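In: Fold the following and give me the result.
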Amino acid sequence: MSKGLVAGKQELENAFEGMKREQIIKTILSLGEVQIAELERGTTNDSLVKDIANIVAEKTLNVKNFTRFPVTVIMKAMDAVHYVLKPGEPAKKQALVVIKQLQKVLPIRRIRMRLGLMFPPEVKDKYSADRDMG
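Out: Residues are numbered from 1 along each chain as shown. Take a look at the predicted model:
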């Protein structure tokens, strides 16, 4: 029987000889595979593309003017580089791959991480910037 088709009573009896209807149903539910409809798969893929584009937009800058790219520009650039979605991988992991690929078509780079440190006054005086730490 092909996937996605409804089996008739005779086909079920031939496939599951000697089993009652309830046993057949339990077997199918426990051993069968869930099928995702085309529309649901498309919605999931669209959502994943938007998530990836949002992450890329948050983590990158336009090298020319040091502003962020809009999400729509990121999505169009993803199409331009023919990025292939991987539904099983997290969006953040895919976003890091997309950033590298977008560098071919956009003046883009990752934002450098800034780290702010706060020290209590007694430690701050001990390790001030004008003293040699070594």
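In: okay, CA-based contacts and neighbour counts for the rest of this
Out: Will do.
In: Buried residues of the helix or strand bottoming out on mean pLDDT in the chain, list them for me.
Out: Lowest on mean pLDDT, DSSP states H and E among the helices and strands of the chain sits helix 121-126, with a mean of 75. Across helix 121-126, burial judged by 16 or more other C-alpha atoms under 10 Å covers no residue at all.
In: other SSEs contacting it?
Out: With contacts taken as 3 or more C-alpha pairs under 8 Å, 6 or more residues apart in numbering; DSSP states H and E, helix 121-126 sits against no other helix or strand.
In: Determine how far that helix lies from the middle of the whole chain.
Out: Its chain's C-alpha centre and that of helix 121-126 lie 44 Å apart, by C-alpha atoms, centre = their mean, to the nearest Å.
In: just stretch 95-104 next, same as before
Out: Stretch 95-104 has its C-alpha centroid displaced from the chain centroid by 13 Å (C-alpha atoms, centre = their mean).
In: State the mean pLDDT of that stretch.
Out: Predicted confidence along stretch 95-104 averages 94 (mean pLDDT).
In: CA-only coordinates of that stretch in CSV, if you can.
Out: Extracted C-alpha coordinates of stretch 95-104, given in CSV (Å, rounded to 0.1, in the frame of the first residue of the first chain):
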residue,chain,number,x,y,z
ALA,A,95,22.4,30.8,10.7
LEU,A,96,26.2,30.5,11.3
VAL,A,97,26.5,28.6,8.0
VAL,A,98,24.3,31.1,6.2
ILE,A,99,26.5,34.0,7.4
LYS,A,100,29.5,32.5,5.7
GLN,A,101,27.6,31.9,2.5
LEU,A,102,26.1,35.4,2.5
GLN,A,103,29.6,36.9,2.5
LYS,A,104,29.7,36.0,-1.2
